[in-house]
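>>> one predicted model, sequence on top.
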Amino acid sequence: MLARISALAATAAGVRVMHPSMLSAGRFFAFLALTSASYAHPKDLDTSTPGPMVPFELRSDFLVVVTGQVGELADLKFIVDTGSSYTVIDQKVADKLRLPRRPGKVTNFDRDIPVEWADVRELRAGPIRAPAASVMIVRLAKYSEFAENVDGIIGLDLLSRGKKLTIDYERRVLSFELAENGTGDRLPSRSLVVPIIIQGLRMRLLVDTGSRDVLLYRDRLRKGLPEIRTEGETRTAVIGRLPATQVNLPGVKIGGPEKVATVFLIDGPGQGDPLGVDGYLGPASLHAKRIEFDFAASKLRWQ
């Protein structure tokens, strides 16, 4: 996670978006169409080649970075982030392209953070193609040490246009299958929200490739489990400046048998949370060789 940004409201060109959020590899949330997803058995994982496959670079053991292009500017680096509802490009890229911009803002818990928006005619990132896109413009290095050497972030506004997104961590390749009409027409951003069971308590986590770990809202966990059992707590920091408590929890079930899991407890978004998720699931915490986001079937598969 980058800096803590809970985006309760943002406006851009008259469009109002809402979402309690954080900034991970680039946590900029809009109002999402949340999709309650389920886990699928690993045997159902598609081992064929459903769409174009491209290599990616794995940074810090969890960030998927692909090469892309905006307009005529090529050889750019983009983080693929299922936890960010908007696609973002760095201010330096927008400056080089001389993009006309319009003002906007993201509202944190207690302050408004100014941002800019721009329209680009063509954006490519790995197998993802968009003939036109509205993107957020920010100085990424200001928010995260992980974003210092990247040029942008591909968010759900582009990712969820496809039917499937598959990340093969073992082979370091990424594939992207378009919807059945093959056009990649603009659809409401769809994030996958999956269940996790902790000592009998069911919680809902947003699947976030921009995060490394399992992050839980402290207040919701304590409220649901006043007598929660732990095997040690350590004050720490999760990815940069986000304060958290590391906890080993027995009785955790994530699409399989119960186990002792290491999770990180963070402060919740407070009142006025329109989303209702209880935290974030970083796919890297699954130690998966391959993971598939099936947006069409609302399934998460891994092996």
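Nice, thanks for sending it over.

>>> give me the neighbour count for the nearest residue to K289 once chain neighbours are set aside.
Distances taken as CB to CB, 6 or more residues apart in numbering put E170 closest to K289, at 4.3 Å, once the chain neighbours are dropped. C-beta: built from backbone N, CA, C; applies to glycine. A count of nearby residues for E170, using other CB atoms under 10 Å, gives 9.

>>> please apply the same query to S134.
Residues near S134, counting by other CB under 10 Å: 17.

>>> can you classify it as helix, strand or coil?
strand (DSSP: H, G, I helix; E, B strand; the rest coil).

>>> distance check, it against G162.
Separation of S134 from G162 (CB to CB, to the nearest Å): 18 Å.

>>> the residue nearest to K289 belongs to a strand?
No. Counting by three-state DSSP, E170 is not found in a strand; it is coil.

>>> so who does L215 touch?
L215 makes contact with M1, V238, A244, V263, F264, L265, I266, G279, Y280, G282, according to CB atoms under 8 Å, 6 or more residues apart in numbering.

>>> burial of the third one, as a residue count?
In this case it means A244. Neighbour tally, A244, other CB under 10 Å: 21.

>>> that one against G279, yeah?
No. A244 is beyond contact range of G279, at 11.0 Å (criterion: CB atoms under 8 Å).

>>> hmm, the residue nearest to K289 is touching H287, no?
No. Judged on CB under 8 Å, E170 makes no contact with H287 at a distance of 11.2 Å.

>>> quick check: neighbours shared by A244 and G279?
With CB under 8 Å, 6+ apart, A244 and G279 have common neighbours L215, I266.

>>> next, the residue sitting furthest away from the middle of the chain: phi, psi?
No residue in the chain sits farther from the centre than E227, which is 31.1 Å out by CA atoms, centre = their mean. As for E227, its main-chain torsions (degrees, to the nearest 10) stand at phi -110, psi 40.

>>> and the gap between it and L201?
Distance from E227 to L201, by CB to CB: 11 Å.

>>> picking up where we left off before, so which of the contacts of L215 is the closest to R98?
For those, the minimum distance to R98 (CB to CB) is 32.0 Å, reached by M1.

>>> check that closest one and give its pLDDT.
In this model, M1 is scored at 38, pLDDT.

>>> now do S134
pLDDT at S134 comes out at 91.
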